[in-house]
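Q: Sharing a sequence plus its predicted fold:
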Amino acid sequence: MSEAPETAASAAPEQDEGTAGVPTDDDYLGEPGPPLDHRAPFYVGFVGGLGVLIAIWFATQIQAIGSTLMLIVVSLFLAAGLDPAVRFFERRGMRRSYAVLTVIVAVIGALALFVLAIAPVIADQVRSLTDNAPQWLEQLQANRRVQRLDDEYDIIDKIQKYVTNGDFAGALFGGALGVGLAVLGALFNGFIVTVLTLYFLASLQTTKSAIYRLAPASRRERVSLLGDRVVRSVGGYVSGAFIVAMCAGISSLIFLFVVGLGQYAVALAFVVALLDVIPMIGATLGAIIVTAIGFTENWRVGLACAIFYIIYQQVENYVIYPRVMSKSVDVPGAVTVIAALVGAALFGVVGALLAIPTAASILMLTREVWVRRQDTR
């Protein structure tokens, strides 16, 4: 009985120790080869070309949604500008949700009152400007040099026909359909910016906290402090720009009533305040418009306008603007000029508006991060 197990064991096929664990012929797919050489020319060229194609595709997609991204940036800019007012109410013990609601209702109410009170006056004065334009053109015809140019090119007659034509605004925007589409587009963009601003303003703290958590735990506190300072800088710049523009508009309104342009004072003061928000060139454009209209009324009025705006711009540049902006942004004059030029060249008026707070944020981060690290070496 004891020999049976030995016989069964001897009957089993013997397996070579060297082939133990090797799959059968049906499952065997060969030994895996060596990994690809990442320094091989073909591999480097293929991966590099694929990366270039992906980068180009990504850039075209960003360009396709460029207008939407611009609306998002403007909304973030406005939310950061309104955040100081929200924090003001928060310091008085109000919850942030109620503070946001209070600020938004106040802003919308102020805009509504402004439109109801000022829009009819501006419309009447713009109509008066349009009605008086032919008379100003006739006065230009009395100038000998202008007469010489008009005799050669018939400039005055063409301008007069264009201005007196009631549809010149429609022609400017491509006809009635173009005007309608432009108005609808502006209203839609305004609605989108308003909604996004409300959302960003209500969730600003949550958004910042989520972004700060992406930083390592050892540096999260410093990143949060730097980020909060950047947001405060942008908010301070928006508030300061509004104050500077209001100073320009109110001073222009008073001056225009004094100098004898009271029939256009409100409309021109509004134009000056609106253009003064644009860094560098805004105040100059407003001064040129008002001075040109002043010269059409009387050369003494035009000269007074030119002198007033030359003096006022010096006061604004060296007294009002530094005092208002000293607590929010700290940007050297040369950097301000360069940033405004680059921003305007890249993104137009919006780029010029965002250029100065962006430059201030970059300079602050450079001083606090890179320069401080260099000083410790």
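A: Nice, I can see it. Numbering: from 1, shown residues only.

Q: alpha carbons only for contacts and neighbour counts from here, please
A: Noted.

Q: mind listing what's buried in stretch 216-224?
A: Buried positions in stretch 216-224, judged by neighbour count with 16 or more other C-alpha atoms under 10 Å: 220, 223, 224.

Q: From those residues, which land in helices?
A: When those are checked against helices using DSSP state H, the ones located there are 220, 223, 224.

Q: Run a quick neighbour tally on the nearest residue to the first one once chain neighbours are set aside.
A: Going back to what we said before, that points to residue 220. Taking C-alpha to C-alpha, 6 or more residues apart in numbering, and ignoring the residues beside it in sequence, residue 220 has residue 212 as its nearest neighbour in space, at 6.2 Å. When counting by other C-alpha atoms under 10 Å, one arrives at 19 neighbours for residue 212.

Q: okay, the ones in helices among the buried residues of stretch 216-224 in JSON lines with pLDDT and distance to residue 111 next?
A: Conversion of these to JSON lines gives the following (pLDDT from 0 to 100; distance: C-alpha to C-alpha, whole Å):
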{"residue": "220", "pLDDT": "86", "distance to residue 111": "39"}
{"residue": "223", "pLDDT": "86", "distance to residue 111": "36"}
{"residue": "224", "pLDDT": "89", "distance to residue 111": "34"}
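
Q: and which of these is nearest residue 334?
A: Taking C-alpha to C-alpha as the measure, residue 334 sits nearest to residue 223 out of these, at 28.1 Å.

Q: Would you check that residue 291 makes contact with residue 310?
A: No - under the criterion of C-alpha atoms under 8 Å, residue 291 makes no contact with residue 310, lying 10.7 Å away.

Q: if you count what's nearby, which of these two comes out ahead?
A: Counting neighbours by other C-alpha under 10 Å for residue 291 and for residue 310 shows that residue 291 has the greater number, 22 against 13.

Q: Relative to residue 77, how far out is the residue nearest to residue 220?
A: Residue 212 is 19 Å from residue 77, where distance means C-alpha to C-alpha, to the nearest Å.

Q: swap in residue 223?
A: Computed with C-alpha to C-alpha, the distance linking residue 223 and residue 77 is 20 Å.

Q: Residue 236 now?
A: 11 Å.

Q: ok, residue 329 - contacts?
A: 233, 234, 236, 237, 357, 360 (C-alpha atoms under 8 Å, 6 or more residues apart in numbering).

Q: Could you find which two of those residues are furthest from each other?
A: The span of the contacts of residue 329, defined through C-alpha to C-alpha, is set by 236 and 360 at 11.3 Å.

Q: CA atoms of stretch 187-202 as CSV?
A: Coordinates of the C-alpha atoms in stretch 187-202 are reproduced here as CSV (Å, rounded to 0.1, in the frame of the first residue of the first chain):
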residue,chain,number,x,y,z
LEU,A,187,-27.0,95.5,-23.2
PHE,A,188,-26.2,91.8,-23.2
ASN,A,189,-22.6,92.4,-22.2
GLY,A,190,-23.7,94.8,-19.5
PHE,A,191,-26.1,92.1,-18.1
ILE,A,192,-23.4,89.5,-18.2
VAL,A,193,-20.9,91.7,-16.4
THR,A,194,-23.5,92.7,-13.8
VAL,A,195,-24.4,89.0,-13.1
LEU,A,196,-20.7,87.9,-12.9
THR,A,197,-19.8,90.9,-10.7
LEU,A,198,-22.6,89.9,-8.3
TYR,A,199,-21.4,86.3,-8.2
PHE,A,200,-17.7,87.2,-7.8
LEU,A,201,-18.5,89.8,-5.1
ALA,A,202,-20.7,87.4,-3.1
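
Q: Within its local environment, how many residues does residue 296 see?
A: Neighbour number of residue 296 under other C-alpha under 10 Å is 17.

Q: My error: substitute residue 53 in the last question.
A: Look at residue 53: counted by other C-alpha under 10 Å, it has 12 neighbours.

Q: which SSE is it in?
A: Under the assignment given by DSSP states H and E, the secondary-structure element containing residue 53 is helix 41-64.
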